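Novice: I'd like to go over a predicted model; first the sequence, then the structure.
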Amino acid sequence: MECVTKIKDSAEVLMDYGSGALSAARVAEVDRHIEDCEACRQLFAAQRALWLEMDQLAAPEVSGNFDARLYARIAEEDAAPAWRRWTRRLFAPAVPVAIWKPAVSLAATCAVLTVGLMVRTPGASEKVQQQVRADHAVDIEQVADALDDLEMLSPGSAM
Amino acid sequence: MEAVAALERDAELMLRVRAGDTTSFALLLERHRTPVVHFLFRMVQNQAVAEELAQEVFLRVYRSRERYEPTAKFTTWLFRIATHLALNWIRDGKKEKGQESLNEDLIEGVERQVADQQPTVEQEMLYEVKLREVRDAIGMLPAKQRAAVVMHKYEELEYSQIARALSCSESAVKSLLFRAYETLRARLSHMAS
């Protein structure tokens, strides 16, 4: 047997040894190993001791009127209107339902659609077009000014 | 063999409940009432709260009877509901609210148990101290580790059942248990000596 203190997967052996769930053959195997391995001897002894200590945590008896209280609640539930029973099933399911998964997908889809609509909005597109036209007009003016400056500076213009 | 028969019987009873047989529900309640209350008591460490949550567990079982399908062991489903409710209760910080009655419940339980064996006053006090230490050590574990330990140690559920109850993999359960027992061994090591 490989040393439990060195092999992570052997944790199950330790727990089953402590709980007594290990087969007789496995127990014999562990016992043989323990004879030569001080670290494992201490670990297995500690787990066994813990198991016995934990046995002391007894739980109190269930109240005598537990069933009566439950049946009263059931009767109340059965007498409730159908819509209320349906709401209870929806908001208090027997086991948890991972509603966040479809919710996250829906939210992501909504976010993508919103961004897409904003980019493609006619108003937004018009603004961009106006900006491009303004920039274009400035460019032409600048070129014309530059040409005028060149003409003034050229030798022929001084004459 | 007996365990398998018992499991099949649970599913059979639940299918009868689905068909409208209230006697079968009473039988299921009789079989599982104590394990569920005890599991919840060890989780929330308060008897009144444990019983209240157990009522909710059985109410949800009854409410879901029409949609019940025997795809998993009945006990796995039952403990999944109980674990979900206990973890929610702990998460919502209701622990503080019920803490006041915690000691009364436990001391009462200890006294009852000790009275049967007629120990000396010294033994009684020692037992009480040990019990409190064990309870506190378990109570200090993170909620999921606590649930795994209680199901493993006290309810003797298989790793696969604990995994389904906690909605995680079997290897994650073994890891949770290993870490939890490691912590408990360290916290309670002085008691063994």
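Specialist: Okay, I see it.
Novice: Show me the shaky parts of the chain.
Specialist: Picked chain A for this. A:1-9, A:89-90, A:92-102, A:120-125, A:128-129, A:132, A:136-138, A:150-159 (pLDDT under 70).
Novice: hm, I was asking about chain B
Specialist: Looking at chain B by pLDDT under 70, you get B:1-7, B:94-118, B:192-193.
Novice: Going along the chain, name the helices of it.
Specialist: B:2-18, B:22-44, B:47-63, B:74-91, B:95-117, B:121-139, B:143-149, B:159-166, B:170-192 (DSSP state H).
Novice: Any idea which residue is closest to the centre of chain B?
Specialist: Nearest to the mean C-alpha position of chain B, by CA atoms, centre = their mean, lies B:F39 at 1.2 Å.
Novice: Kindly report the residues of chain A close to chain B.
Specialist: Contact residues, chain A versus chain B (CB under 8 Å from any CB of the partner chain): A:11-12, A:14-15, A:18-19, A:45-47, A:49-51, A:53-54, A:56-63, A:66-67, A:69-70, A:73-74, A:77, A:85, A:88-89, A:92-96. For the C-beta atoms, the positions are set from N, CA and C on the backbone; glycine is no exception.
Novice: Any chance of CSV for the helices of chain B, columns distance to chain A?
Specialist: Compiled in CSV, the helices of chain B are given as follows (distance: least, CB to the nearest CB, whole Å):
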stretch, distance to chain A
helix B:2-18, 11
helix B:22-44, 4
helix B:47-63, 4
helix B:74-91, 5
helix B:95-117, 4
helix B:121-139, 5
helix B:143-149, 8
helix B:159-166, 8
helix B:170-192, 4
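Novice: Make TSV from the ones you listed and add distance to A:C110 to it.
Specialist: What follows is those, written out as TSV (distance: least, CB to CB, whole Å):
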stretch	distance to A:C110
helix B:2-18	39
helix B:22-44	38
helix B:47-63	32
helix B:74-91	28
helix B:95-117	37
helix B:121-139	43
helix B:143-149	33
helix B:159-166	32
helix B:170-192	33
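Novice: List just the one of those helices that sits closest to A:R32.
Specialist: Minimum separation from A:R32 across those (CB to CB) falls at helix B:170-192, 22.7 Å.
Novice: phi, psi of B:S64?
Specialist: Main-chain dihedrals, B:S64, degrees, to the nearest 10: phi -90, psi 10.
Novice: How about B:T120?
Specialist: Torsion angles at B:T120 (phi, psi; degrees, to the nearest 10) stand at phi -80, psi 170.
Novice: B:A82 contacts B:A54, correct?
Specialist: Yes. B:A82 lies in contact with B:A54 (CB atoms under 8 Å); the separation is 7.3 Å.
Novice: Now the common contact residues for the two.
Specialist: Shared contacts of B:A82 and B:A54, defined by CB atoms under 8 Å, 6 or more residues apart in numbering or on different chains, comprise B:36, B:40.
Novice: Just give the nearest non-adjacent residue to B:T83, would you?
Specialist: B:A165 (4.7 Å; CB to CB, 6 or more residues apart in numbering or on different chains).
Novice: I'd guessed that neighbour sits against B:L85; true?
Specialist: No. Judged on CB under 8 Å, B:A165 makes no contact with B:L85 at a distance of 11.4 Å.
Novice: out of those two, which sits in the busier spot?
Specialist: B:A165 (26 against 21; other CB atoms under 10 Å in any protein chain shown).
Novice: dump the residue contacts of the more buried one.
Specialist: B:76, B:79-80, B:82-83, B:147, B:151, B:157.
Novice: one more time with 6 Å, if that's ok
Specialist: B:79-80, B:83 (CB atoms under 6 Å, 6 or more residues apart in numbering or on different chains).
Novice: okay, these in JSON lines with neighbour count next?
Specialist: Below are these laid out as JSON lines (neighbours: other CB atoms under 10 Å in any protein chain shown):
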{"residue": "B:F79", "neighbour count": "27"}
{"residue": "B:R80", "neighbour count": "21"}
{"residue": "B:T83", "neighbour count": "27"}
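Novice: how is chain A carved up into domains?
Specialist: Using automatic domain parsing, the domains assigned to chain A come out as A:8-54, A:122-154.
Novice: Mean neighbour count, the ones you listed: which tops it?
Specialist: Stretch with highest mean neighbour count among the domains of chain A: domain A:8-54 (a mean of 16; mean count of other CB atoms under 10 Å in any protein chain shown).
Novice: ok now that one, how far from the chain's centre?
Specialist: Between the centre of domain A:8-54 and the centre of its host chain there is 36 Å, according to CA atoms, centre = their mean, to the nearest Å.
Novice: Can you lay out the domains of chain A as a markdown table showing distance to B:F25?
Specialist: Shown next, in a markdown table, are the domains of chain A (distance: least, CB to CB, whole Å):
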| stretch | distance to B:F25 |
| --- | --- |
| domain A:8-54 | 32 |
| domain A:122-154 | 62 |
